[in-house]
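>>> the amino acid sequence is not available; the structure is as follows:
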């Protein structure tokens, strides 16, 4: 416990059993710069989104029950899909169409970035969202909050990225289609 407590933080590495400064990555989020995509809107929280299709009707707001279909990708790790719309990718090709994800906005049932992205969408809309690590899965555990991958291979792909203690970027990309809003 003494060696871990004495570790100065980002920008340091253990080399030949000794803590060594790595100036090249000091204060640089482990060497990963935050990507800014020019064609995406960036919110105050750091979430980035782009509407691929605008919906119609009343926008979703806190307290509304929403039904969404979604895709998820580990954008910082080779863009690997961990959930694909009604088609499990990278696993067996059997099974039924998955149910839509249902949750109440403002109830903290899903990760903060997913909830923020869904708020304000209109039924029928599709939004592409880039979720930085701090708006993703708390404690890097997808079992605590949704959305959760429905296949074993999707769970493994997401778990690999979230639990990796190395320099894997934990930025996620979601495509969210708002199917229904109930006030």
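Yep, that arrived. Keep in mind the model is a prediction, meaning the values are calculated, not measured. Numbering: from 1, shown residues only.

>>> surely residue 168 and residue 161 touch.
Yes - with contact defined as CB atoms under 8 Å, residue 168 counts as touching residue 161 (5.6 Å). From N, CA and C alone the C-beta is placed, and that goes for glycine too.

>>> the more surrounded of the two?
residue 161 (24 against 17; other CB atoms under 10 Å).

>>> same for the longest helix anywhere in the chain, what does it pack against?
Secondary structure of the chain per DSSP state H: the longest helix is helix 152-163. Packing partners of helix 152-163 (3 or more CB pairs under 8 Å, 6 or more residues apart in numbering; DSSP states H and E): strand 65-74, strand 80-83.

>>> paired strands for the helix or strand just after the shortest one, with orientation please.
Next in sequence after strand 80-83, counting helices and strands by DSSP states H and E, comes strand 101-104. Strand 101-104 has these partner strands in its sheet, going by DSSP bridges: strand 65-74 (antiparallel).

>>> just to revisit the earlier point, find residues that contact each of residue 168 and residue 161.
Both residue 168 and residue 161 are contacted by 76-77, under the criterion CB atoms under 8 Å, 6 or more residues apart in numbering.

>>> of the helices and strands packed on helix 152-163, which approaches residue 113 most closely?
The closest of the helices and strands packed on helix 152-163 to residue 113 is strand 65-74. By CB to CB, the value is 11.1 Å.

>>> pLDDT of the longest helix of the chain, averaged?
Mean pLDDT, helix 152-163: 90.

>>> which residues sit against that helix?
Contacts of helix 152-163 (CB under 8 Å, 6+ apart): 72, 74, 76-77, 80-84, 88-91, 136-137, 140-142, 148-149, 168, 170.

>>> ditto for stretch 42-62
Counting by CB under 8 Å, 6+ apart, 34, 36-37, 39-41, 66, 105-106, 112-113, 116-132, 134-135, 175, 178, 181, 183 sit against stretch 42-62.

>>> mind checking which of those are in helices?
Per DSSP H, the subset of these in helices is 112-113, 116-118.

>>> quick one, which of those are buried?
112-113, 116-118 (16 or more other CB atoms under 10 Å).

>>> and the contacts of stretch 42-62, which of them are in strands?
41, 66, 126-131, 175, 178, 181 (DSSP state E).

>>> hmm, residue 75 is touching residue 175, no?
No - Residue 75 is not in contact with residue 175 according to CB under 8 Å; the separation is 11.5 Å.

>>> hey, what's in contact with both of these two?
Joint contacts of residue 75 and residue 175 (CB under 8 Å, 6+ apart) do not exist.

>>> for this structure, give me the ranges with low pLDDT.
1-34, 85-98 (pLDDT under 70).
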